[in-house]
Every structure is written in structure tokens, then in C-alpha cells.
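Participant: I would like the atomic coordinates for the input below:
(4 chains)
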Number of protein chains: 2
Amino acid sequence: MDTALDRAVRVFRERGYHATSIGDLTAAMRLATGSVYKAFRDKRAVFLAAFERYTARRQEQTRSAAAEGNNGRERVRNVLRSYVEHSRGSEGRRGCLVVGSAIELSALDSEIGARVIAQLRSNENFIASLIREGQADGSIPGSVAADDTARLMICITQGLRVVGKARLPLEADRLVAVAMKLLA
Amino acid sequence: MDTALDRAVRVFRERGYHATSIGDLTAAMRLATGSVYKAFRDKRAVFLAAFERYTARRQEQTRSAAAEGNNGRERVRNVLRSYVEHSRGSEGRRGCLVVGSAIELSALDSEIGARVIAQLRSNENFIASLIREGQADGSIPGSVAADDTARLMICITQGLRVVGKARLPLEADRLVAVAMKLLA
DNA sequence: TTTATTCGGGAATAATCGTTCCCTATTATC
DNA sequence: GATAATAGGGAACGATTATTCCCGAATAAA
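Facilitator: From the prediction side, this is the model:
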């Protein structure tokens, strides 16, 4: 079932919620219609489960990327780099469920809207905490406004997903180098 | 007819393409079904016209915002500020047709995908030209990488639309101040 | 005044959608 | 070994969708 849900994640990422029919879903999950409705109440429930699964995986990916840095500054850099890499190429073309939900659903479904906000806030808090770590270990100047910078970095990461989905090429080294000026 | 198209823009911005039914469209445009199909070939044609109208208006809005600056640096700042203002509050909640098209349609409709890319590139080139103006007039250091910075700023603007649609509050002064560090 | 013609309106249509229902294996229980 | 329970599959259903067709009013032409 988990592997079927992974396939659902993939379809929703590629086609979005509304453009994904039950037929698309069953084909991707390799399950019959009845089986899907035995496991989930309705299409929305499949999406919610897929969203949950996607965000959990993404969370551990960025946490583990951060963990490889030796100080706050390096950890922020690694998070940014990880985001660029996931927004690039075929993976980027696949899209992000958080961005997709924000654009397509948050205005129409308040519960999904709340989950999107929660996810954004969680990521923002994580980045802000990394910045403060850097200020404590001396790798980031104390003059940096941690909260505001974190919020702008969230905008950068979400914007990367949009641009990557649109298939504009993203050069990781250059973009990260420019973005790191925000920690000067 | 132009006023009807403006209303179509509004619905598509709020609900996206797939979640907007012909019924939603006729109600918003205050036109009957037959009248819509007399003016446009199909729903997609309405969307294309709405997209065109939206991008034209947005383009003049950001150009005129830029024009009020006295040097390159101020013009970039004005563009960023304009983007934050349009991404904030009720206007931000309404959403952006470029971001919406990128997320919902660019993978499914190559012509719309091409228009999204063209729009992003146009905005990026405009920002890059403002940066170069600033370097010429001395308000921006020559060490700034114009193209890379412009691309990152496009990510910021698109990300602002995502975050604004999700209803996270955006503080214009603070965000713009942080972003301007990219021109240091 | 009468006759075309245009324009907006809305019912009818055909396709597609999400959902439900029922059937058939397969596994577990007694 | 017989039976109950479960899981999966797919046809059938009703609702909704985009689209087409035709009607009536208003305007222009004769």
C-alpha cells in the first residue's frame, strides 16, 4: 500500500489535484477503482495521504541535508542547495505537492490550506533556527534578521519549485552563491 | 467584452483553470453559455485570452513601478516592493495567473508552458537590465552578477505569490530590505 | 412595414467524472 | 474440510462537465 501511495504522490505532483482523474490514479497505483475506494474514503482522502507522505519524506531530506554542515552557515547553504537540486531537471519538472496545494487548493479547501501553512511555517522555523545556530557559532553575523531572512528564503525555495516546474534551467552553484549573500 | 474578460481573469486567478467550470465562468462574466462560446472557441481560448490580458496589465504595473526610481538600485527596489504588495493581503490571495499556469498547466499544455517561460524570461531580463543600469549609474556594485541575481529575484517574486496565496503574512519593508542585500 | 442579420440566452447533448455496488478469489476461523 | 471474512477487481450509476444547437429579441436593410 505504501508503494501504491508513492505512485499516487507522483501522479498528483505531475498533474495536480483536479487534472488527476480516478482513472489516472488507478492506473498509476496499479489498483482497481474499488480497491482505491476500499482503502480511502474518496479522492480527496488519497490526496491528503499523499500530501502527508510527501511532506514527511521532504522533511527528512532537508533535515539530513542540513545535518551534513559543520556550522550554521553551512547548514543553511546545504538546505538551499538541496532545494535547488530538487527543483531542477526531471525531479523539478515533477513538481512539489506543497506548492501545488497552495496554488490549486488552499483557497478552495481550508483544511488543506491549513496544512500548507503549517508546512511552510515548519520549514521557515527550521531555517530560522539554523540561522540562529550560525549566529551562536559565529559563522553568521548577529546583524542578520533571522526571522525575516528565513521568510525570504522560504519565498526563494517555493519560487524555485515554480521556476523549475516551468522548466527554466537552474544553476545550483550560482544561485546558492547569490542567495548566501543574505547571510552577510 | 473587455470587462467580461477582466472578470474571467479574476475567476481563473482565484480558482485556477481546472476548478473553474463553464458555469463559474458565465456567472462571473455575466454572460450566457452560448455567448461565451460565440466569443471564444472553448474554455482554453478564454483562459489564453485572460492570460494575455493579465500579463499585459502586470507588465505595465511593474514597469511603471520601476520608472519611479531615480537610479538602478531604486528601480530594482521598487519592482521588488511592487511584487510584495501584489502578493500580500486580498490581492495576493487572489493569486497570479503566471504561477497558476506554471503549476497547473505547463506540464500538460506545451503552448501555455511556452508562454509561461516567455513571461518569466521577460521579467528576468527586465530585472537584469535594471541591475545593469544600476551598475552603470554607480548605485549597484559592479561585482554583482546581474543574470544570476535576476534569476534568483524571479524565484523570489514567484515564491512571494505562492506564499501570499497560502495566506502567510508578508511584511513589505522587512522583506524588501533583506532582499536588497543581494545587490551589495 | 417587412425582411435579413446579428447577438445574447439557455435548454439539450455527449462525454467524463467521482462514487457505489457487486462479484470473485484468497485467506483466516471454526 | 466447511464457512466466514477480507481484499481486490471492474461494471454500473448518477452527477457534473464542456460543448452544441436552436430560439427570441433587437437592430439594420430593403
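Participant: ok and the residue in chain A nearest DNA strand D?
Facilitator: residue A:34 (2.0 Å; Cβ to the nearest atom of the strand). Every C-beta, even on glycine, is put in place using the N, C-alpha and C of the backbone.
Participant: For that residue, the count of nearby residues, please.
Facilitator: Using other Cβ atoms under 10 Å in any protein chain shown, residue A:34 is surrounded by 9 other residues.
Participant: After whatever helix or strand it lives in, which helix or strand is next?
Facilitator: Residue A:34 belongs to helix A:33-39 when assigned by DSSP states H and E. As assigned by DSSP H and E, the chain's next helix or strand after helix A:33-39 is helix A:43-67.
Participant: May I see the buried residues of that next one?
Facilitator: Using 16 or more other Cβ atoms under 10 Å in any protein chain shown as the test for burial, helix A:43-67 gives A:43, A:46-51, A:53-55, A:58, A:62, A:65-66.
Participant: Grab the nearest non-local neighbour of residue A:138.
Facilitator: Closest residue to residue A:138 apart from its sequence neighbours, by Cβ to Cβ, 6 or more residues apart in numbering or on different chains: residue A:71 at 7.8 Å.
Participant: rewinding a little: would you check how far apart the residue of chain A closest to DNA strand D and residue A:78 are?
Facilitator: As judged by Cβ to Cβ, to the nearest Å, residue A:34 and residue A:78 stand 45 Å apart.
Participant: ditto for residue A:182
Facilitator: From residue A:182 across to residue A:78, the span is 15 Å (Cβ to Cβ).
Participant: tell me the pLDDT at the residue lying farthest from the centre of chain A?
Facilitator: For chain A, the largest distance from the centre (Cα atoms, centre = their mean) belongs to residue A:34, which lies 30.9 Å off. For residue A:34, the pLDDT comes out at 93.
Participant: Can you name the residues of chain A that neighbour DNA strand D?
Facilitator: For chain A, the contact set with DNA strand D under Cβ under 7 Å from any atom of the strand comprises A:30-35, A:37-39.
Participant: Residue ranges in chain A under the pLDDT threshold?
Facilitator: Within chain A, no stretch falls below the threshold (pLDDT under 70).
Participant: can you map out the helices along it?
Facilitator: Using DSSP state H, the helices of chain A run over A:2-15, A:22-29, A:33-39, A:43-67, A:72-87, A:89-94, A:97-104, A:110-137, A:146-165, A:172-179.
Participant: any chance of these in a markdown table, plus distance to DNA strand C?
Facilitator: Shown next, in a markdown table, are the helices of chain A (distance: least, Cβ to the nearest atom of the strand, whole Å):
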| stretch | distance to DNA strand C |
| --- | --- |
| helix A:2-15 | 10 |
| helix A:22-29 | 4 |
| helix A:33-39 | 3 |
| helix A:43-67 | 4 |
| helix A:72-87 | 27 |
| helix A:89-94 | 20 |
| helix A:97-104 | 13 |
| helix A:110-137 | 15 |
| helix A:146-165 | 21 |
| helix A:172-179 | 36 |
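Participant: Hmm, residue A:157 is touching residue A:83, no?
Facilitator: Yes - Residue A:157 lies in contact with residue A:83 (Cβ atoms under 8 Å); the separation is 4.5 Å.
Participant: So for the two, which sits in the more crowded spot?
Facilitator: residue A:83 (32 against 29).
Participant: got a list of what the more buried one touches?
Facilitator: A:62, A:156-157, A:160 (Cβ atoms under 8 Å, 6 or more residues apart in numbering or on different chains).
Participant: Is stretch A:95-111 positioned near chain B?
Facilitator: Yes - using Cβ under 8 Å from any Cβ of the partner chain, stretch A:95-111 reaches chain B at A:95, A:99-100, A:102-104, A:106-108.
Participant: Please report the separation between the first and final residues of that stretch.
Facilitator: 21 Å (Cα to Cα, to the nearest Å).
Participant: What residues of it count as buried?
Facilitator: By neighbour count with 16+ other Cβ under 10 Å, stretch A:95-111 contains the buried residues A:95-107, A:109.
Participant: next one: stretch A:159-175
Facilitator: Within stretch A:159-175, the residues scored as buried using 16+ other Cβ under 10 Å are A:159-168, A:170, A:174-175.
Participant: Same question for stretch A:70-77.
Facilitator: Of the residues in stretch A:70-77, those buried (16+ other Cβ under 10 Å) are A:71-77.
Participant: just stretch A:10-19 next, same as before
Facilitator: Neighbour counts over stretch A:10-19 (16+ other Cβ under 10 Å) mark A:10-19 as buried.
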